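> The following comprises the amino acid sequence and a computationally predicted model.
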Amino acid sequence: HLTNGKSHVTDATNAARTMLCNIHTGQWDKDLLRLFDIPEALLPEIKNSADDFGQTDAELFGVAVPIRSLIGDQQSATVGQACFEAGMMKSTYGTGCFALLNTGAQAVVSKNRLLTTIAYQLGGQRTYALEGSIFIAGAAVQWLRDGLGLIADAAESNVLAQNADPSQSLYLVPAFVGLGAPYWNAEARGAVFGLTRNSGPKEFALAALESVAFQTADLMQAMRADWPDAGETQTILRVDGGMTVSDFTMQRLADLLAAPVDRPVIRETTALGAAYLAGFAAGLLPEPAEFAQQWQCERRFEPALTEQVRQKRLQGWRKAVQSVVGGNVACTHLRELLFPMATVAFQVPTRFWQRAAPFLFLCGAGLLVIVLIPGVGREVNGSQRWLSLFFFNLQPSELMKLFAVLYAADYTVRKSAHLQILVRGFL
């Protein structure tokens, strides 16, 4: 639109978000395009994040302006935070939270429900990252203000939290719209644990701010598990976004992460990253290594919590989260069980499945009938659930999903590519 149709281009980070781009080659995936019947000619050319993307139409600004950078918002913040070295991590705190860990030239495949993505591409070389998304960060403070009416302004939450009763351990799991990484549980709902008669606005404010730190700790733990190299050196978290103005929250973040937290002088890192890439492509700004030396820290927050207290707090948080997701954990376990099985199944010769699939389908359908026999249901938290042979409680809707998977699998093994995508999408 900016070029009035003269340039049809994008960069590697935005192309990756379409799920049609092969992030390992940096090109459109021909198999996926063929599967979805999308002509490659319809898609834009994929370029570096700092490149020549054409010029704006002169009528827009009175003069043609060169376009020299194009990059996703969180990737741009990563560049603005000068996280150019593998192992560097940034986290943006707005209504939600987005954390990226630079993994260098290695595209780490996550086993802990994180996203493997392209951090940026310069000179044809892709730098990868692990990304985790938190649905509720600053929105928890908004809930205190707009939902509960405990505060009139977001800044009041810091004053209240600082004066909270230290003898209380209140945990807020802000699953207002489900839980993001690393849980990815859309059916989970928020809850408050540890309430006493003395719990009040101060304790609620502390729980809301700490929930952001706890969720970030979950992401960091998942990233370290996925990429062991991250544990070789101490991770320093660079932060930006509206919530970072709170000294109390940033200190509590450092305490619960047991890692330093750096707040930059320039906090609009997304705009800074895009501006730097444009200047770099135009030859006006230096190489990334030199640009990184110009990055300035406004304040570093060092962890001050003892390890014993930190572990106790984290243990309480994980217990609270488990209480929230426990009722819906069955479907998650089911996906973890079936995904590797389905992956192996796709490699088995069609001849075998043509004979075995009907038998397996009948077995699955029979199991479903057994589980749904009237009289085996029981009340759990006011809702009807059914006893399962999988050693966890499945809701009827979840069982129907399983039935659908078994039915689709009967056709999937016959090499139907479209149904393979449907089954993989559910898993």
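Perfect, I can see it now.
> for this protein, which strand is longest?
strand 125-134 (DSSP state E).
> Tell me which strands that strand pairs with, and in which orientation.
strand 97-104 (antiparallel), strand 115-122 (antiparallel) (DSSP bridges).
> Report the buried residues of it.
126, 127, 128, 129, 130, 131, 132, 133, 134 (16 or more other Cβ atoms under 10 Å). For every residue, glycine as well, the C-beta is placed using N, CA and C.
> Kindly provide the distance from the first one to residue 119.
Spelled out, it's residue 126. 8 Å (Cβ to Cβ, to the nearest Å).
> do the same with residue 211
27 Å.
> Between these two, point out the one with more neighbours.
For residue 211 versus residue 119, neighbours defined as other Cβ atoms under 10 Å are more numerous around residue 119 (29 against 24).
> Test my guess that the more buried one contacts residue 129.
Yes: with contacts counted by Cβ atoms under 8 Å, residue 119 reaches residue 129, the gap being 3.9 Å.
> longest helix in this structure, by residue count?
The residue-count maximum for a helix in the chain (DSSP state H) belongs to helix 201-226.
> and it, what other elements does it pack with?
strand 89-93, strand 97-104, strand 125-134, helix 138-142, helix 156-162, strand 171-173, helix 247-257, helix 307-325 (3 or more Cβ pairs under 8 Å, 6 or more residues apart in numbering; DSSP states H and E).
> Please point out which parts of the last one sit buried.
By neighbour count, with 16+ other Cβ under 10 Å as the criterion, the buried positions of helix 307-325 are 310, 313, 314, 316, 317, 320, 321, 324, 325.
> can you check stretch 63-71 too?
So stretch 63-71, judged by 16+ other Cβ under 10 Å, has buried residues 67, 68, 69, 70, 71.
> which one of those residues is nearest residue 224?
residue 71 (26.1 Å; Cβ to Cβ).
> Relative to residue 272, how far out is the closest one?
In terms of Cβ to Cβ, residue 71 sits 12 Å off from residue 272.
> try residue 193
Residue 193 is 39 Å from residue 272, by Cβ to Cβ.
> What of residue 92?
Taken as Cβ to Cβ, the span from residue 92 to residue 272 is 12 Å.
> repeat for residue 166
38 Å.
> now swap in residue 159 and tell me
With Cβ to Cβ as the criterion, residue 159 and residue 272 are 31 Å apart.
> re the thing from before, export the strands paired with strand 125-134 to JSON lines and tack on distance to residue 234 and mean pLDDT?
JSON lines is the format used below for those (distance: least, Cβ to Cβ, whole Å; pLDDT from 0 to 100):
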{"stretch": "strand 97-104", "distance to residue 234": "14", "mean pLDDT": "95"}
{"stretch": "strand 115-122", "distance to residue 234": "20", "mean pLDDT": "96"}
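> which residues of the stretch 151-300 of the chain score low on pLDDT?
230-233 (pLDDT under 70).
> Could you rerun that using 80?
229-234 (pLDDT under 80).
> Kindly report the same for the stretch 301-427 of the chain.
For the stretch 301-427 of the chain, residues meeting the criterion pLDDT under 80 lie at 326-427.
> Neighbour count for residue 159 and residue 272, which is higher?
residue 272 (21 against 13).
> so what's that one closest to, chain neighbours aside?
Nearest residue to residue 272, sequence neighbours excluded (Cβ to Cβ, 6 or more residues apart in numbering): residue 80, at 3.7 Å.
> Can you report how many residues lie near the one you found?
Residues near residue 80, counting by other Cβ under 10 Å: 28.
> Correct me if wrong: it contacts residue 266.
Yes: Residue 80 lies in contact with residue 266 (Cβ under 8 Å); the separation is 7.5 Å.
> Common neighbours of those two, please.
residue 272 (Cβ atoms under 8 Å, 6 or more residues apart in numbering).
> returning to what we had before: need the buried residues of strand 125-134 in JSON lines (columns: distance to residue 44 and pLDDT).
Shown next, in JSON lines, are the buried residues of strand 125-134 (distance: Cβ to Cβ, whole Å; pLDDT from 0 to 100):
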{"residue": "126", "distance to residue 44": "17", "pLDDT": "97"}
{"residue": "127", "distance to residue 44": "21", "pLDDT": "97"}
{"residue": "128", "distance to residue 44": "21", "pLDDT": "97"}
{"residue": "129", "distance to residue 44": "22", "pLDDT": "97"}
{"residue": "130", "distance to residue 44": "26", "pLDDT": "96"}
{"residue": "131", "distance to residue 44": "22", "pLDDT": "96"}
{"residue": "132", "distance to residue 44": "28", "pLDDT": "96"}
{"residue": "133", "distance to residue 44": "25", "pLDDT": "95"}
{"residue": "134", "distance to residue 44": "30", "pLDDT": "95"}
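> Show me which of these is closest to residue 225.
residue 130 (10.3 Å).
> okay, the strands paired with strand 125-134 in TSV with distance to residue 14 next?
Listed next are the strands paired with strand 125-134 as TSV, based on distance: least, Cβ to Cβ, whole Å:
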stretch	distance to residue 14
strand 97-104	15
strand 115-122	9
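> Tell me which of these sits nearest to residue 31.
Nearest of the strands paired with strand 125-134 (Cβ to Cβ): strand 115-122, 18.1 Å.
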